[in-house]
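# My questions are about this predicted structure, shown below with the sequence.
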Amino acid sequence: MKTFIGIDLGSTTTKALVIDEKRNVLGRGITNSRSNYDTAATIAKQEALVSARFYLFHNALENSHILNGALDAFLGQLERDFRLEQYLEQLADLEQVCQRNVGSAKFGDAAKGVGLALAKLFSLLKAEAPQLFVPGARRKSDFFRDIAGAQYLALGEKVAKDAGVRYDMLLNVFDRSIIEVENRVYADSIKAHLLAALERTFVALPEARAFSQRIRKPIQSVLDTELEETYVVGTGYGRARLPFSKEHIRSEILCHGLGAHVMYPKTATVLDIGGQDTKAIQVDPHGIVESFQMNDRCAAGCGRYLGYIADEMNMGLHELGPLAMKATKTVRINSTCTVFAGAELRDRLSLGEKREDIMAGLHRAIILRAMSILARSGGIRDQFTFTGGVAKNEAAVKSLTSLVRENYGEVTLNIDPDSIYTGALGAATFAWRAVVEEGKSAEHMGEKVAA
Amino acid sequence: MTCTVGIDIGSGAVKTVLFRDGEWLSRRAERIRRRDPMELAKQGYEEVLAEQNLKPQDVAYVATTGEGENVKFATGHFYSMTTHARGGVFLNPQARAVMDIGALNGRAIWIDERGKVLAYKMTSQCASGSGQFLENIARYLGVAVEEIGPLSQTSKNPEKVSSICAVLAETDVINMVSRGIATADILKGIHLSMASRLAKLLKVTGIVKGLALLTGGLALDEGLLAALREELVNEKIVGLTATNHPDSIYAGAIGAALWGAFRHGRLSELQSRAAA
Amino acid sequence: MSTATAKKAVLKEDSMWLQKEMINRNYHEVATAHASGRKVSATFVPGNLNELLMCFDFARRLPETDALQNGLRKKSGKMIMDAERDGHSEDVCTYVKADLGMMLQGDIGPTGEPMPKPDVLLLSYTGCFTFMKWFELVRQKYDCETVMLHVPYQGDGRVNPAMREYVVKQLKDKVIPTLERVSGVKFDIDRLRGYMKESVKAEEDLVGVLQTAKQRPSPIDGYFGAVYYIGPMFTAFRGVPEATRYYSVLRKEVEERMRAGKGPVTPDGDHPGEKYRLVVEGPPNWTNFRDFWKMFYDEGAVVVASTYSKVGGVYDFGFRHDPEHPLESLADYCLGCYTNLNFPQRIDMICRYMDEYQADGLLINSIKSCNSFSAGQLLILREVEKRTGKPAAFIESDLVDPRYFSAANIKNRLESYFQMIKQKRGAAQAVAA
Amino acid sequence: MNVNQVVKRCEGLYEDLDFNAVKQWKVAAPGRKAIGYMPIYVPREIVHAAGMLPVGIFGGGDQLEVIQGDAYYQSYICRIPRSTLELGLTGRLDCLDGMLFPSICDVIRNLSGMWQIMFKGKYVKYFDLPQNYDDATGGQFYVHEMRTLRSDLEKISGKAISDQDLRKSISVYNENRKAVRELYAYRAQKPWQAPTSEVYLVLRAGCVLPPEEHTALIRDYLRETEKQSRPKRDNARIVLTGSFCEQPPLGLIKSIEMAGCYVVDDDFQLIQSWLLDDVSLEENPLEALSKAFLHRSASTASKYDVKKEDKGQFLLRQVKTRGAEGVIFAAASFCDPALLERPMLQEILARQKIPYTAFKYAENTGQMAPIREQAGTFADSIKLWSAA
Ligand SMILES: Nc1ncnc2c1ncn2[C@@H]1O[C@H](COP(=O)(O)OP(=O)(O)O)[C@@H](O)[C@H]1O
Ligand SMILES: Nc1ncnc2c1ncn2[C@@H]1O[C@H](COP(=O)(O)OP(=O)(O)O)[C@@H](O)[C@H]1O
Ligand code: SF4
Ligand code: SF4
Ligand code: SF4
């Protein structure tokens, strides 16, 4: 079948989104942006296509009425099992790379001990892996680097102590190895993983096993359907480095404007807070951008700010919002310099302020900056759509809501749980338009992405 | 016999030293790593005392420096440039400039042979030349802190980081990695940008010749030292020679302990005069 | 056809060559002034009293032009750093720092010849506060005689008689006597009149050249190209017969391009075709001038009018130097400089350009250095958008500080802007159809 | 009122971003009008003589959340114009019937035009100050500027301003300036009794109070603080300079004092001490004001020094007459005038062997650690080495 793909190569995360000829969203994929843009784009796209398969599974199984009430539970389990399969493969890969790197590191006499400790550590990691994917498990994020990293840190300290090797050395081996592993694309194993996951799922859900033959059939037929990448459009901060021709690139401003419009057709103002930039965009009733403003060269008050804060507090990004929500007052924070965020935090802590109150202040500070950029672009008009990674943060949303009300009165505020994909949705829509409305055909893409 | 303790509470580490009549008896350095610095200060203080079998009442003056203005058990506080200057001449009597590169800020201090601050200059808000930035990047590149220096020195084509902002500089570095720039060249590039900022700070203070001693946590980074030497030549500040000292990280704490002794002397003098 | 093209190419070379020659000769004149017994003056571009300085036989330096030339030659970065090392803040205008840095490096001019210490600094305090500090700094370092000409600001959008009188009085009581004393040359008002007559002719031709951009396609780029065209007029050449000749050659050349229906000439040859017509507010970036320009013509953008090409005098609304009233007209010239206009006037001017030059939008290049231009530009943006209904965009760079030119950032915004204009245009056409 | 109460009152006035004091003054009698002015100097006498209240607008401080104001300024422009705009756009300056923007720098100059566009219908004047100090040239121009202001205000109030009115107002302000001079002299003498964080607030009250009331308030403060003896600390005596426009946050002033410095002279809110001595009541009042401005006014980076030798003399006099041991340059970030002036002044201090240090701030600077460190090191070095 024909698919249209948008890829948004952000400074922090790379997002991909697939739509079909009727502009139904088939799938979304995300990965952390990394040093290798091609890889990031490829992985995001691959993830989106995997998610598209799940969507198609859903449709196929639904049509066959096999699992009636139990369909969602079944697919949820299948997805978790699939993630576990993926995780285990990457973990095995990581172990291998780590062991190799111990050899090349200058650890001298300690090398042997580190090697043994690593072996121990990985056996623990493997043993714990299924735990990470049980229903309702909390993970630091969904990226391998973060999940594996968090586990490695947590278990590594004790392993190091028991084995009498320096913890620093274990950390160093990890830091060296993770880059190599995360830049590997495991394209070939996806089908195999899906099939293996299916087996796991049948184990986990004995009720479903009864219909295993009838379930396998539609799944296999979905797997046999070729998802033709009819047209791909790239956007985002790193778009210039995508191996696409100019025809296949759109500015991120246009994509965010259009994406927001597709999600909420009445959108007039869009705010996007990403990792390194904040954009305020005004769009007309057709989704065409009328004006826009971005933060200037200083990265103060963008998403990365929260990243620094999270690092400083040794917390996951998704934990910041809930902490700030517990605040009973808002500490005034004046500087939103990302780099000094940690210093500011310590400063306030030493003055005896509570963590949650400071967090509330930090979130407000970010939103204040965004409010200025919005004001600069012409203010907030009804309806107002908030997109980008920071829109996932409930404390940021709370600050925004109250500041919008204070300054602009009642406006409809749209936040989609998938708002991080807004740019990719816009790009996919441009891809669709290029073929369906303008009759273009894809030019030859860079090999790596086409592969 | 006068015992004094100097405690330097930095943003990266807490350093504690014990002195008796100008003689350095004990030391402690503890990376903060998200622990409470005030606790670490107390711990360091207790440890240096225990090491010399001393009790708190044996200590004439506990001097803090760095972010230690609010330490409860301290006798007095000196500001870090004052203490780094004094510590600098203690470590190397030839030093006429002290450059302290901490986790967040850099400072260049021009001093005389007694450790008097003649002029100084601190980095301003933006922090792409800070220790923390280097540390973050090293982590990203998978390089241990101790390896940074040696690796940087192997670089043939250093790639300079132009961005003034640490956040944007991080992106610069990521781009470099994707362009296939060697790790050594990236590290050297960062060292060079840091060095050029430091050279600039130094020049602004007005010092033209003498020995410049690196203090603080980054002083032992040989790569930075080498880069600084290059920058001094590039910038034609030829009268200055940069160097470091194995105990450079303690400079602030040493200065505090020594100034504590000095103030103690003054204070008892005043007291005896008042009694008379 | 081929002969015509060939001829035009030669002609183009004529004006370029003429200008290059003039500028180099002036640097040489300045460099050798003291050896040949001439005194040297220094003054600023906005409100430069070139004709008056000529009356005293000064060799004329313009520190802003030095900074600009050093920027184009990529030498300014180092100079700025040197000035910062000498105690200057990172926050302040980089023109000043480039100039002071050049002095610190031994005052070697952009052409490689050593520049002499000025004998007098004519501080025409027009439209920029920094000018005052700049010359105070130079005075403190080099002990030059300084004479201040305070030009009041058009705070309520007009020049009142008291303002004019104040300027003229300063010219008579302070400026002219000081220049006489320093140069040893007696002031001769008829000499001034004579130079002014030359100015008028050149001014007429310059306006003619800049206004060809009203054509579609425009034969010139009213920003990137115009900064070359205004060179002689805004510096040491206004009033010099050579400049008059330059402008008449230039005008013929441009008018010929216009008749041939050709677009502007770019460093890469002919413009690839006019897709977007823009008005630009704010000075250009000099350190990456070619790259910056390329970002425009690669996308098919032509600048049809700019405010920067008026910094050394706003001639297109009728002002000409007036040989009949020389001192009064010098005063009017200073008072009417672009940066001496108040905000409503600046906005009116831009809106007028948008309309008369049929522009698709306004682009503001905001310069970190220049508070005079930049403080409040975001209001200009909003007002012009509101009044013309045309989209405006905002980019940031610096004149001569290479650290503040972020190519990726600017390109990103420009691309988004052009795509936006295109998309809007598409929508408008769809509605029309 | 004891000294704490006086200070509390001033603090209340300082923190009140809604200018309630002005509103109260206006409603106290029908038809009253208030005119705002920005740094550094306007002849308040003329406003006062028109029966109006001159109101000093010194930005929004560190308590104001600037949202809309930021929309008009790039990151490399100082903060005072954006917070002032914020005050205006949020309606906090609606109690003003006009705004004066004196010539201080390009930023304020441009703001005057922006104000005309954004606050249509309000009286706005860019008030030019002469940079030529000859009575016949700059003086004449300046008198003309003042005359314009006078007739503008007459139009607004609907009644003429007589020379007699002007003289009366001049004498009111002569008295106010005298009180300010007393305050400065007292602080230089006993800085522990009059900490600058308090002196600043007492001065700042003059922005919103009628001059007569402010004069009384200063004297209350002096009388009351003298009654309450406070501990004297071993601090370094310094002159603080460079803050003539955007004001530092109070926390910064406190930090400097906490770090071991006594501020014995400064250039905060210069307008209050701009004219160095009494303005003559004998002459034509506008000419008297002009002469005072041209020949007897404070020096600041916004003013041209006619001769090279004049540069820095004012600062040197401050250091000498107040018995200061050093100078702290504290300027607003991105303040071109202050920052360009600084190297010249530093060179002069260096020649005189007067120690100095320098840093930048913004009116909403929140992190004081670097400030404390620099001021502290400076104080340390003065203290530890003063005997040596
Ligand atoms: N789960 C989450 N909870 C809260 N904040 C998040 C979460 N995920 C991402 N973010 C925020 O979003 C930012 C990245 O946003 P994104 O739109 O992906 O940026 P970009 O497009 O620049 O890559 C991060 O810096 C972080 O602050
Ligand atoms: N052995 C080392 N080699 C290189 N850098 C080091 C070393 N030890 C510490 N550092 C760096 O020094 C910084 C801390 O230095 P320090 O002078 O203690 O700073 P502060 O006084 O601000 O805490 C840390 O950011 C760390 O990167
Ligand atoms: S370091 Fe901080 S203040 Fe500087 S540019 Fe980066 S985010 Fe902005
Ligand atoms: S501020 Fe602007 S006009 Fe003034 S000297 Fe600098 S660049 Fe020129
Ligand atoms: S702080 Fe400085 S630059 Fe800003 S408005 Fe005031 S004088 Fe002008």
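Received, thanks. Ligands and ions are numbered 1, 2, ... in the order given.
# which ones are touching the closest residue to C:Asp221 other than its chain neighbours?
Distance criterion C-beta to C-beta, 6 or more residues apart in numbering or on different chains; nearest residue to C:Asp221, sequence neighbours excluded, is C:Pro264 at 4.2 Å. C-betas here are computed from N, CA, C, even on glycine. With contact set as C-beta atoms under 8 Å, 6 or more residues apart in numbering or on different chains, C:Pro264 has these partners: C:Ser218, C:Pro219, C:Ile220, C:Asp221, C:Gly225, C:His271, C:Tyr297, C:Val302.
# Among those residues, find the lowest-pLDDT one for me.
Lowest pLDDT within the contacts of C:Pro264 is found at C:His271 (90).
# Give the burial count for that one, as a bare number.
23 (other C-beta atoms under 10 Å in any protein chain shown).
# Could I get the full set of strands for the stretch 1-150 of chain C?
Applying DSSP state E, counting those that start in this stretch to the stretch 1-150 of chain C gives strands spanning C:40-43, C:59-61, C:120-125, C:145-150.
# For the last one, which helices and strands make contact with it?
Going back to what we said before, that points to strand C:145-150. strand C:120-125, helix C:130-142, helix C:161-170, helix C:176-183 (3 or more C-beta pairs under 8 Å, 6 or more residues apart in numbering or on different chains; DSSP states H and E).
# List of residues touching it?
C:47, C:49, C:119-126, C:132, C:135-136, C:139, C:166-167, C:170-171, C:174-175, C:178-179, C:182, C:334, D:130-132, D:138, D:304, D:306, D:308.
# Only the buried subset of those, as a ChimeraX command please.
Selection of buried members from the contacts of strand C:145-150 for ChimeraX, criterion 16 or more other C-beta atoms under 10 Å in any protein chain shown:
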select /C:47,49,119,120,121,122,123,124,125,126,132,135,136,139,166,167,170,171,174,175,178,179,182,334 /D:130,131,132,138,304,308
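# neighbours of whichever residue of chain D sits closest to ligand 3, just the number please.
Nearest to ligand 3, among the residues of chain D, is D:Ser75, at 7.9 Å (C-beta to the nearest ligand atom). Using other C-beta under 10 Å, D:Ser75 is surrounded by 14 other residues.
# helix or strand for it, which one?
Under DSSP states H and E, no helix or strand contains D:Ser75.
# And C:Gly208, by the same measure?
Per DSSP H and E: helix C:189-211 holds C:Gly208.
# tell me which strands and helices that helix is in contact with?
Using 3+ C-beta pairs under 8 Å, 6+ apart, helix C:189-211 sits against helix C:50-54, helix C:226-234, helix C:241-259, helix C:326-335.
# Let me know the angle separating it from helix C:226-234.
Relative orientation of helix C:189-211 versus helix C:226-234 (axes from the mean of the first three to the mean of the last three C-alpha atoms, to 10 degrees): 170 degrees.
# contacting residues around residue 153?
Let's take chain A. Contacts of A:Leu153 (C-beta under 8 Å, 6+ apart): A:Leu171.
# Oops, wrong one, chain B.
B:Gln153 neighbours (C-beta under 8 Å, 6+ apart): B:Lys188, B:Glu222, B:Gly223, B:Ala226.
# which residue does the stretch 51-200 of chain A bring closest to ligand 1?
For the stretch 51-200 of chain A, C-beta to the nearest ligand atom, closest residue to ligand 1: A:Ser141, 6.8 Å.
# Assign a three-state SS to that residue, would you?
Under DSSP: H, G, I helix; E, B strand; the rest coil, A:Ser141 falls in the coil class.
# quick one on the thing from earlier: dump the helices and strands packed on helix C:189-211 to JSON lines, plus mean pLDDT and distance to B:Asn244.
Below are the helices and strands packed on helix C:189-211 laid out as JSON lines (pLDDT from 0 to 100; distance: least, C-beta to C-beta, whole Å):
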{"stretch": "helix C:50-54", "mean pLDDT": "97", "distance to B:Asn244": "56"}
{"stretch": "helix C:226-234", "mean pLDDT": "93", "distance to B:Asn244": "50"}
{"stretch": "helix C:241-259", "mean pLDDT": "94", "distance to B:Asn244": "60"}
{"stretch": "helix C:326-335", "mean pLDDT": "97", "distance to B:Asn244": "57"}
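# Any idea which of the strands of the stretch 1-150 of chain C gets closest to A:Leu71?
Between A:Leu71 and the strands of the stretch 1-150 of chain C, the shortest gap by C-beta to C-beta is with strand C:120-125, which sits at 79.0 Å.
# what helix or strand is C:Gly426 on?
Counting by DSSP H and E, C:Gly426 is found in helix C:407-432.
# In the stretch 301-450 of chain A, where is pLDDT below threshold?
Across the stretch 301-450 of chain A, the ranges flagged by pLDDT under 70 are A:339, A:442-450.
# ditto for the stretch 151-276 of chain B
In the stretch 151-276 of chain B, residues with pLDDT under 70: B:162-164, B:178, B:276.
# Strands of that one, residue ranges please.
B:210-215, B:240-243.
# ok, and which of these has the densest surroundings?
strand B:210-215 (a mean of 24; mean count of other C-beta atoms under 10 Å in any protein chain shown).
# what about the residue in the stretch 351-451 of chain A positioned nearest to ligand 3, distance to B:Val167?
Using C-beta to the nearest ligand atom, the single residue of the stretch 351-451 of chain A nearest to ligand 3 is A:Arg369, 10.6 Å away. The spacing between A:Arg369 and B:Val167, counted by C-beta to C-beta, to the nearest Å, is 14 Å.
# More neighbours: those two, which one.
The neighbour count for A:Arg369 versus B:Val167, taken as other C-beta under 10 Å, is higher for B:Val167 (26 against 21).
# Contacts only, for whichever residue of the stretch 201-350 of chain D sits closest to chain B.
Of all residues in the stretch 201-350 of chain D, the one sitting closest to chain B is D:Ala259 (7.1 Å; C-beta to the nearest C-beta). By C-beta under 8 Å, 6+ apart, D:Ala259 lies in contact with B:Tyr79, D:Ile371, D:Arg372, D:Glu373, D:Ala375, D:Gly376, D:Ala379.
# burial of residue 276, as a residue count?
The chain I'm using is chain A. Neighbour tally, A:Gln276, other C-beta under 10 Å: 20.
# wrong chain, I was asking about chain D
By other C-beta under 10 Å, neighbour count at D:Leu276 equals 14.
# How confident was the prediction at the closest residue to it other than its chain neighbours?
Of all residues not flanking D:Leu276 in the chain, D:Arg296 sits nearest, at 4.7 Å (C-beta to C-beta, 6+ apart). At D:Arg296, the model reports a pLDDT of 96.
# For B:Val59, list each beta-bridge partner.
B:Cys3 (DSSP bridges).
# Got phi/psi on the residue in the stretch 201-350 of chain D positioned nearest to ligand 1?
Scanning the stretch 201-350 of chain D for proximity to ligand 1 using C-beta to the nearest ligand atom identifies D:Ser333 as nearest, at 26.7 Å. With angles defined as degrees, to the nearest 10, D:Ser333 sits at phi -60, psi 140.
# residues near it, how many?
For D:Ser333, using other C-beta under 10 Å, the count is 23.
# longest single helix anywhere in chain A?
Taking DSSP state H as the criterion, chain A has its longest helix at helix A:71-104.
# next structured bit after that one?
Next element after helix A:71-104 (DSSP H and E): helix A:110-132.
# how about the helix or strand that that following helix is followed by: buried residues?
Next helix or strand after helix A:110-132 toward the C-terminus (DSSP H and E): helix A:144-163. Residues A:Phe144, A:Arg145, A:Ile147, A:Ala148, A:Gly149, A:Gln151, A:Tyr152, A:Leu155, A:Gly156, A:Val159, A:Ala160, A:Ala163 are the ones in helix A:144-163 that count as buried (16+ other C-beta under 10 Å).
# I figured the second one hits A:Ile43, correct?
Think A:Arg145. No: using C-beta atoms under 8 Å as the test, A:Arg145 is too far from A:Ile43 to be in contact (11.7 Å).
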